[in-house]
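Participant: only geometry, no sequence info:
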């Protein structure tokens, strides 16, 4: 309730949350919201201007741009979010294990993370897609394989900060097992950092999926995806720029919404973050998020 109250008081954050939620809902309900079949070809409507029956006009094959835009939410946002959830789950297992058990477990797991982080994330994603072949599923596999070390690092940092607290020591003395301590005491304190990093990294992953699809490495025709729609429209961008506007604006708005939401969550989950003695932890999380978006 406190988080929702803080979000409600931040107009920009609340707007970003509504845009992100509405986008995901539109993607889920695309079969009912789309006015036409996104794959239906009608060469009579090739590059047709917006009309009452086709609000955003038609593409080079006469397909409805609005319908393709709605169906494009699924690979561009929803499936990317699934890959993010898998990455967070793997990173959480590694981060909690390393921060709680420490010793050789921490050393071994962090060395694995160091090896994974030694390679530029975007380059490794391209390499994995190059080995597995073009396709959205291979991009999502590459994301899940390359993104989890960032979450493991952030979660480990949060766990190390609180694992020596008095209430954690009391829980151990009272006979609570590792899983119970992690679930009841350590997961809540790490949730804030994970939520902030997840929101910001989701925007980065959407951009990467759109970029790879623009290059022809993502979802393949005739299925709809925002990056592929931009690629198809780029051939006539100087004579007919209209088909590029809808997917281009969709990418900008959705990515901006998740980035603004990440900034708002950072304050909503910990409103005393700026003025308290946690400034150092904030800088560490922001540094990891910055390096993540670069990778």
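Facilitator: Sure, I can see it. These numbers come from a predicted model, not from an experiment.

Participant: make it CA atoms for all contacts and neighbour counts henceforth
Facilitator: Will do.

Participant: Pull out the buried residues from the one helix or strand residue 14 maps to.
Facilitator: Assessed by DSSP states H and E, residue 14 sits inside helix 11-28. The neighbour-count check on helix 11-28 (16 or more other C-alpha atoms under 10 Å) flags 12-17, 19-20, 23-24, 26-28 as buried.

Participant: Packing partners of that helix?
Facilitator: The contact analysis (3 or more C-alpha pairs under 8 Å, 6 or more residues apart in numbering; DSSP states H and E) places helix 11-28 against helix 2-9, helix 65-71, helix 73, helix 242-269.

Participant: just to revisit the earlier point, JSON lines please, covering the buried residues of helix 11-28 and showing pLDDT and distance to residue 261.
Facilitator: Shown next, in JSON lines, are the buried residues of helix 11-28 (pLDDT from 0 to 100; distance: C-alpha to C-alpha, whole Å):
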{"residue": "12", "pLDDT": "83", "distance to residue 261": "8"}
{"residue": "13", "pLDDT": "81", "distance to residue 261": "5"}
{"residue": "14", "pLDDT": "86", "distance to residue 261": "8"}
{"residue": "15", "pLDDT": "89", "distance to residue 261": "9"}
{"residue": "16", "pLDDT": "89", "distance to residue 261": "6"}
{"residue": "17", "pLDDT": "88", "distance to residue 261": "6"}
{"residue": "19", "pLDDT": "93", "distance to residue 261": "10"}
{"residue": "20", "pLDDT": "92", "distance to residue 261": "9"}
{"residue": "23", "pLDDT": "95", "distance to residue 261": "14"}
{"residue": "24", "pLDDT": "93", "distance to residue 261": "14"}
{"residue": "26", "pLDDT": "95", "distance to residue 261": "19"}
{"residue": "27", "pLDDT": "94", "distance to residue 261": "19"}
{"residue": "28", "pLDDT": "94", "distance to residue 261": "21"}
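
Participant: Now do the same for residue 276: its pLDDT.
Facilitator: Residue 276 carries a pLDDT value of 46.

Participant: what does residue 286 give?
Facilitator: Residue 286 is given a pLDDT of 57.

Participant: cool, and residue 48?
Facilitator: 89.

Participant: so what's it up against?
Facilitator: Shown in contact with residue 48 (C-alpha atoms under 8 Å, 6 or more residues apart in numbering): 57-59, 62.

Participant: Is it in a helix, a strand, or coil?
Facilitator: coil (DSSP: H, G, I helix; E, B strand; the rest coil).

Participant: Please renumber the chain so that the first residue is 212 from this point on.
Facilitator: Sure, I'll start counting at 212 from here, so that last one is residue 259.

Participant: Please name every helix or strand in contact with the strand or helix carrying residue 294.
Facilitator: Using DSSP H and E, residue 294 falls within helix 290-312. Identification of packing neighbours for helix 290-312 by 3+ C-alpha pairs under 8 Å, 6+ apart yields helix 314-328, helix 347-373, helix 398-425.

Participant: That one: how far from the chain's middle?
Facilitator: How far helix 290-312 lies from its chain's middle: 13 Å, per C-alpha atoms, centre = their mean, to the nearest Å.

Participant: can you give me the angle that helix makes with helix 222-239?
Facilitator: 120 degrees (axes from the mean of the first three to the mean of the last three C-alpha atoms, to 10 degrees).

Participant: Give the buried residues for helix 290-312.
Facilitator: For helix 290-312, by 16+ other C-alpha under 10 Å, it's 290-292, 294-295, 297-303, 305-311.
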